[in-house]
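>>> From the sequence below, what's the structure:
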Amino acid sequence: MTKTLKKYVIEREIPGIEGSSAEQLKAAAATSNAALAKLGPKVQWLESFLVKDRTYCVYLAEDEDVIREHARLSGFPATRIAEVTAGLDPSSAS
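Next up, the predicted model:
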(Lines give C-alpha, C1' and ligand atoms only; values in the text may rest on other atoms or scores of the structure.)
Protein backbone atom coordinates (compact mmCIF):
# COMPACT_ATOMS: atom_id res chain seq x y z
CA MET A 1 0.00 0.00 0.00
CA THR A 2 1.39 3.42 -0.98
CA LYS A 3 1.69 6.05 1.71
CA THR A 4 0.18 9.51 1.29
CA LEU A 5 2.72 11.99 -0.02
CA LYS A 6 3.44 15.04 2.13
CA LYS A 7 4.95 18.31 0.91
CA TYR A 8 8.48 19.23 1.97
CA VAL A 9 10.87 22.12 1.46
CA ILE A 10 14.50 21.04 1.19
CA GLU A 11 17.35 23.49 1.66
CA ARG A 12 20.53 22.45 -0.13
CA GLU A 13 23.76 24.30 0.59
CA ILE A 14 25.63 24.36 -2.73
CA PRO A 15 28.27 27.11 -2.86
CA GLY A 16 28.16 29.05 -6.14
CA ILE A 17 24.97 27.39 -7.44
CA GLU A 18 23.56 30.77 -8.46
CA GLY A 19 26.31 31.10 -11.08
CA SER A 20 25.56 27.80 -12.80
CA SER A 21 25.19 27.80 -16.57
CA ALA A 22 22.07 26.54 -18.33
CA GLU A 23 23.96 23.37 -19.30
CA GLN A 24 25.04 22.76 -15.70
CA LEU A 25 21.47 23.19 -14.48
CA LYS A 26 20.19 20.88 -17.21
CA ALA A 27 22.71 18.23 -16.10
CA ALA A 28 21.72 18.70 -12.44
CA ALA A 29 18.05 18.23 -13.31
CA ALA A 30 18.89 15.06 -15.25
CA THR A 31 20.87 13.71 -12.28
CA SER A 32 17.96 14.43 -9.95
CA ASN A 33 15.47 12.85 -12.36
CA ALA A 34 17.59 9.67 -12.57
CA ALA A 35 17.57 9.39 -8.76
CA LEU A 36 13.81 10.01 -8.67
CA ALA A 37 13.26 7.25 -11.23
CA LYS A 38 15.02 4.77 -8.93
CA LEU A 39 12.79 5.75 -6.01
CA GLY A 40 9.54 5.32 -7.91
CA PRO A 41 6.31 6.88 -6.73
CA LYS A 42 7.63 7.55 -3.18
CA VAL A 43 8.96 11.00 -4.11
CA GLN A 44 8.24 13.74 -6.67
CA TRP A 45 10.15 16.93 -7.40
CA LEU A 46 7.83 19.91 -7.90
CA GLU A 47 10.18 22.88 -8.29
CA SER A 48 13.38 24.52 -7.07
CA PHE A 49 14.58 28.06 -6.44
CA LEU A 50 18.23 29.08 -6.68
CA VAL A 51 19.60 31.77 -4.40
CA LYS A 52 23.13 32.62 -3.34
CA ASP A 53 24.93 29.43 -2.33
CA ARG A 54 21.81 27.30 -1.92
CA THR A 55 18.67 25.94 -3.47
CA TYR A 56 15.21 25.54 -1.99
CA CYS A 57 13.41 22.56 -3.47
CA VAL A 58 9.75 21.63 -3.08
CA TYR A 59 9.04 17.91 -3.09
CA LEU A 60 6.18 15.54 -2.41
CA ALA A 61 7.41 12.49 -0.52
CA GLU A 62 6.27 9.68 1.74
CA ASP A 63 8.70 10.79 4.46
CA GLU A 64 12.05 12.45 5.15
CA ASP A 65 13.93 9.17 4.68
CA VAL A 66 13.08 9.00 0.97
CA ILE A 67 14.28 12.60 0.56
CA ARG A 68 17.56 11.65 2.24
CA GLU A 69 17.85 8.66 -0.10
CA HIS A 70 17.31 10.95 -3.09
CA ALA A 71 20.08 13.20 -1.75
CA ARG A 72 22.39 10.20 -1.42
CA LEU A 73 21.64 8.89 -4.91
CA SER A 74 21.87 12.28 -6.62
CA GLY A 75 24.82 13.63 -4.67
CA PHE A 76 22.92 16.84 -3.82
CA PRO A 77 22.93 17.62 -0.09
CA ALA A 78 19.72 17.85 1.90
CA THR A 79 20.98 20.35 4.46
CA ARG A 80 17.56 20.95 6.01
CA ILE A 81 14.24 19.22 5.42
CA ALA A 82 10.98 20.75 6.63
CA GLU A 83 7.50 19.34 6.21
CA VAL A 84 5.01 21.95 4.98
CA THR A 85 2.20 22.22 7.52
CA ALA A 86 0.08 24.91 5.81
CA GLY A 87 0.04 27.24 2.83
CA LEU A 88 -0.43 30.98 2.67
CA ASP A 89 -0.80 33.28 -0.33
CA PRO A 90 -2.49 36.63 -1.15
CA SER A 91 -5.88 34.93 -1.58
CA SER A 92 -5.68 33.80 2.08
CA ALA A 93 -6.72 37.33 3.07
CA SER A 94 -10.17 36.83 1.52
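>>> low-scoring stretches of the chain, by residue?
When residues are selected by pLDDT under 70, those of the chain lie in 1-2.
>>> cutoff 50 now
Scanning the chain for pLDDT under 50 picks out no residues.
>>> Quick one: the helices in this protein, in order.
For the chain, the helices defined by DSSP state H occupy 22-39, 64-74.
>>> so which of the ones you listed comes closest to Tyr8?
Proximity to Tyr8 (Cβ to Cβ) singles out helix 64-74 among those, at 6.1 Å. Yep, even glycine has a C-beta here, placed from its N, CA and C like the rest.
>>> Run through who's touching the closest one.
8, 10, 12, 31-32, 34-36, 38-39, 42-43, 59, 61, 76-78, 81, 83 (Cβ atoms under 8 Å, 6 or more residues apart in numbering).
>>> which residues does the residue nearest the centre of the chain bridge with?
Computing the C-alpha centroid of the chain and ranking residues by Cα atoms, centre = their mean puts Cys57 first, at 3.5 Å. Beta-bridge pairing for Cys57 (DSSP bridges): Ile10, Ser48.
>>> returning to what we had before: turn the helices of the chain into JSON lines, columns for distance to Pro90 and mean neighbour count.
As requested, those are exported to JSON lines (distance: least, Cβ to Cβ, whole Å; neighbours: other Cβ atoms under 10 Å):
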{"stretch": "helix 22-39", "distance to Pro90": "29", "mean neighbour count": "13"}
{"stretch": "helix 64-74", "distance to Pro90": "29", "mean neighbour count": "17"}
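>>> Reformat these as TSV; add distance to Ser92.
Below are those laid out as TSV (distance: least, Cβ to Cβ, whole Å):
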stretch	distance to Ser92
helix 22-39	31
helix 64-74	27
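>>> Can you check which of the ones you listed gets nearest to Gly16?
helix 22-39 (10.2 Å).
>>> circling back to that earlier point, looking at the helices of the chain, which is closest to Ala93?
Nearest of the helices of the chain (Cβ to Cβ): helix 64-74, 31.7 Å.
>>> Quick check: the gap between Pro41 and Phe49.
Distance of Pro41 to Phe49, given as Cβ to Cβ, to the nearest Å: 24 Å.
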